[in-house]
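Asker: sequence below, structure please.
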Amino acid sequence: MQTQFFLTTDPTLFAEYCELRNRVFRHHYPHLPSDFGRPDMIDRHSHIVVGYDYRVVAGGRITISRPESPQPLPMEEAGLRLADRVPEFLLDRESYAEFSRVVVDPAYATGRQCSLGLIQALAHTAAGFGIDLVFSICPDPQVRWNAANSRKCGVTFHTFPEIEIPTPFGIRMTLCAYTGLIAAFGRFLGRTA
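Answerer: Prediction:
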């Protein structure tokens, strides 16, 4: 079976996704608390996308903030305020989101097809919610992969290496943004930018 990517609210699939992100994040960052990646408050107001191949093999969450219902993004929990740091995006007037807890099972990481499929599914889902701008944070090697995946998705990729992002990971993370999601995926959704 080929990996299928989709939005889910199924409790069993959500539990599998949380177990996967706990296992993978703790493998890469062993100093994280043992419950890191387990269900948290942010999950309750986020949308979960999974990659499924007889089990959850990839996943990520989309947290949305809209002018009419502002929502702090996960990266803003430590005090960062994106509207102040990237004023060019006019975040007080535009809807935007964050992709977070993005994870791929190591057995599915070879060739990066699964990670590309996951990013495409996350971007397509965000565009379906009317989101044209999504932020994420990632370590330096992943910045290159995300830039390549963005080109394949037809969206513009921005980095902001000068902005310090407080995280629990113990390594430097780069603030990234994807723009043009509605133009790239809108033709499949009946939307226009």
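Asker: which stretches of this structure form strands?
Answerer: Using DSSP state E, the strands of the chain run over residues 4-8, 46-52, 56-65, 96-104, 133-138, 156-160, 174-179.
Asker: quick check: the gap between the closest residue in space to L73 that isn't next to it in sequence and P30.
Answerer: What sits nearest to L73 in space, not counting adjacent residues and going by CB to CB, 6 or more residues apart in numbering, is E98, at 4.0 Å. In this view, the C-beta of every residue, glycine as well, is placed from N, C-alpha and C. To P30, E98 is 25 Å away according to CB to CB, to the nearest Å.
Asker: re the thing from before, for the strands of the chain, which one sits closest to G111?
Answerer: Using CB to CB as the measure, strand 96-104 is the one of the strands of the chain that comes nearest G111, at 11.0 Å.
Asker: relative to strand 46-52, how tilted is the closest one?
Answerer: Inter-element angle recorded for strand 96-104 and strand 46-52: 30 degrees (by axes from the mean of the first three to the mean of the last three CA atoms, to 10 degrees).
Asker: same for strand 96-104, what does it pack against?
Answerer: helix 11-28, strand 56-65, helix 113-128, strand 133-138 (3 or more CB pairs under 8 Å, 6 or more residues apart in numbering; DSSP states H and E).
Asker: buried sites along the third one?
Answerer: The one in question is helix 113-128. Within helix 113-128, the residues that count as buried by 16 or more other CB atoms under 10 Å are 114-128.
Asker: so which of the strands of the chain comes closest to P166?
Answerer: strand 133-138 (10.1 Å).
Asker: can you show me the CA trace of the closest one as PDB?
Answerer: Output of strand 133-138 as PDB, limited to C-alpha atoms (Å, rounded to 0.1, in the frame of the first residue of the first chain):
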ATOM      1  CA  LEU A 133       0.900  31.800   4.900                       C
ATOM      2  CA  VAL A 134       2.300  29.200   7.200                       C
ATOM      3  CA  PHE A 135       5.300  29.400   9.600                       C
ATOM      4  CA  SER A 136       7.500  26.600  10.900                       C
ATOM      5  CA  ILE A 137      10.800  26.200  12.700                       C
ATOM      6  CA  CYS A 138      13.400  23.700  11.900                       C
END
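Asker: gap between that strand and the chain center?
Answerer: 6 Å (CA atoms, centre = their mean, to the nearest Å).
Asker: I'd like the average pLDDT over that strand.
Answerer: The predicted model assigns strand 133-138 a mean pLDDT of 95.
Asker: so it versus strand 174-179, what angle?
Answerer: Going by the same axes, to 10 degrees, strand 133-138 makes 150 degrees with strand 174-179.
Asker: would you give the sheet partners of strand 133-138, along with the direction of each?
Answerer: Partner strands and pairing direction for strand 133-138 (DSSP bridges) are strand 96-104 (parallel), strand 174-179 (antiparallel).
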